[in-house]
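Peer 1: I would like to see how this sequence folds:
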Amino acid sequence: MPDRGKLIVLSGPSGAGKSTVIQRVRAARPNLRFSVSATTRQPRTGEVEGEDYYFVSELRFLEMLARGELLENAQYVGNRYGTPRAPIEEHLNQGRDVLLDIEVQGAAQVKAAMPEAVTIFLSPPNLETLRQRLVQRGTDSPEVIEGRLQQARVELLLAKEYDYIVINDDAAVAASEISAIITAEKCKTADRIQLIEVQLQ
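Peer 2: Numbers count the residues shown, from 1 in each chain. Just a heads-up that it's a prediction; the model follows:
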């Protein structure tokens, strides 16, 4: 029976560079699985069922919620989003680590449902760098960017609730730190003591 995998929850403000860092972490750790969310919104062009999202009806989503099948859920711009528990449990029980990219409210819900989850907050080096990144994206109006910066301030205040904080000044370094956190978590005494005990039998 393989050791149970680790559930890694990553949060950070919009523009903190989560997608880039996650890409690098996944490349370095082939055993790491990425959690796929369920949503009631319609698929966008190129999105694949079960890879980008599980696309479900409003009724099915509410059924999942009522049955306790979601680790967390939220509503955003009229659509519902949630993290199905079953695929995560399946991966963890098979000894695979699972990475969940989620906003701060969802992270708190996951931690309440699965206290063993390891939470990491990915922060920009400073708000000015965050502003530059959001501007360089070229996808948002100045008003939306200001809104994202205000939201970032709120999220940064919650960083103290996380187990770890990683500063993303350099994506390669940030990814390396996250990978090191996962390794350290897997070496904790509670997870390894049986390897000592078996030697003493």
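
Peer 1: check contacts around the residue most central in space within the chain.
Peer 2: By CA atoms, centre = their mean, the chain has its centre lying nearest to D101, at 2.2 Å. With contact set as CB atoms under 8 Å, 6 or more residues apart in numbering, D101 has these partners: L10, S11, K18, S19, I22, F34, S35. Using the backbone N, CA and C atoms, a C-beta is placed for each residue, glycine as well.

Peer 1: can we see that at 7 Å?
Peer 2: L10, K18, I22 (CB atoms under 7 Å, 6 or more residues apart in numbering).

Peer 1: I'd like to know how far it sits from G15.
Peer 2: 14 Å (CB to CB, to the nearest Å).

Peer 1: and what of S35?
Peer 2: 21 Å.

Peer 1: now L156
Peer 2: 12 Å.

Peer 1: before we move on, what about E89?
Peer 2: E89 sits 32 Å away from G15, taking CB to CB as the criterion.

Peer 1: In three-state terms, label L62 for me.
Peer 2: helix (DSSP: H, G, I helix; E, B strand; the rest coil).

Peer 1: re earlier: between E89 and G15, which one's more packed in?
Peer 2: G15 (23 against 16; other CB atoms under 10 Å).

Peer 1: Which pLDDT value belongs to the more buried one?
Peer 2: On pLDDT, G15 comes in at 88.

Peer 1: And for the residue lying closest to E116 once chain neighbours are set aside, the neighbour number?
Peer 2: In space, and not counting its chain neighbours, E116 is closest to L7: 6.9 Å by CB to CB, 6 or more residues apart in numbering. When neighbours are defined as other CB under 10 Å, L7 has 23 of them.

Peer 1: T45 now?
Peer 2: The burial count for T45: 4, using other CB under 10 Å.

Peer 1: my guess is the residue nearest to E116 meets R85, correct?
Peer 2: No: with contact defined as CB atoms under 7 Å, L7 does not reach R85; the gap is 10.5 Å.
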